[in-house]
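J.: please work out how this folds:
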Amino acid sequence: ILSVAMLDDYSFGDVALMTHEEKEHVESQKAYWKAIAVDLTAQAQDPLLFPGKASNDLLAKFPPTVIFEVEFDIYITETTRLARRLRSAGRLLELVVQPGLGHGNAMGPQFAKFHEAQDIIKTIIAGYLLE
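T.: Residues are numbered from 1 along each chain as shown. Take a look at the predicted model:
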């Protein structure tokens, strides 16, 4: 299960194509990638750093995958792209998008959307991981 996942170097692209939320976080995303990478230039195509850049052959070897995302997340473009590629590779079980939330908007149990997200995760686990 992937959830609100950083998957590729989208933040280094053209901001004119980004959602409002993606634009707001582009500089911090670049900083995160620079901190994670050993050598960002040398690793630019490395699927171990950027899973979204995995070849179709490698994607076909992924385990069956559910992607859980929130509607206004800063990673929505990255996760939607990977979901489409995983579907083409026969590895996507489901793309679940919880409506009405942005990145980190329901992190605590005091929020109704937090409980909604927990129920979604329980449903995913019950539907795909438990027998």
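
J.: in the chain, which strand has the most residues?
T.: strand 92-102 (DSSP state E).

J.: quick one: mean pLDDT for the following helix or strand past that strand?
T.: Remark: after strand 92-102, the chain's next helix or strand is helix 112-128, criterion DSSP states H and E. Computed over helix 112-128, the mean pLDDT rounds to 93.

J.: so which elements touch helix 112-128?
T.: For helix 112-128, the packing partners by 3 or more CB pairs under 8 Å, 6 or more residues apart in numbering; DSSP states H and E come out as strand 65-72, strand 92-102. For every residue, glycine as well, the C-beta is placed using N, CA and C.

J.: low pLDDT regions in this structure?
T.: For the chain, residues meeting the criterion pLDDT under 70 lie at 131.

J.: dump the longest strand of the chain to PDB, keeping only the CA atoms.
T.: C-alpha atoms of strand 92-102 as PDB (Å, rounded to 0.1, in the frame of the first residue of the first chain):
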ATOM      1  CA  LEU A  92      -2.500  -1.900  -9.600                       C
ATOM      2  CA  LEU A  93      -5.200  -3.300  -7.400                       C
ATOM      3  CA  GLU A  94      -6.900   0.000  -6.700                       C
ATOM      4  CA  LEU A  95      -6.300   3.800  -6.600                       C
ATOM      5  CA  VAL A  96      -8.200   5.200  -3.600                       C
ATOM      6  CA  VAL A  97      -8.500   9.000  -3.300                       C
ATOM      7  CA  GLN A  98     -10.000  10.300  -0.100                       C
ATOM      8  CA  PRO A  99     -12.000  13.500  -1.000                       C
ATOM      9  CA  GLY A 100     -11.700  16.900   0.600                       C
ATOM     10  CA  LEU A 101      -8.200  16.700   2.100                       C
ATOM     11  CA  GLY A 102      -4.800  18.100   1.400                       C
END
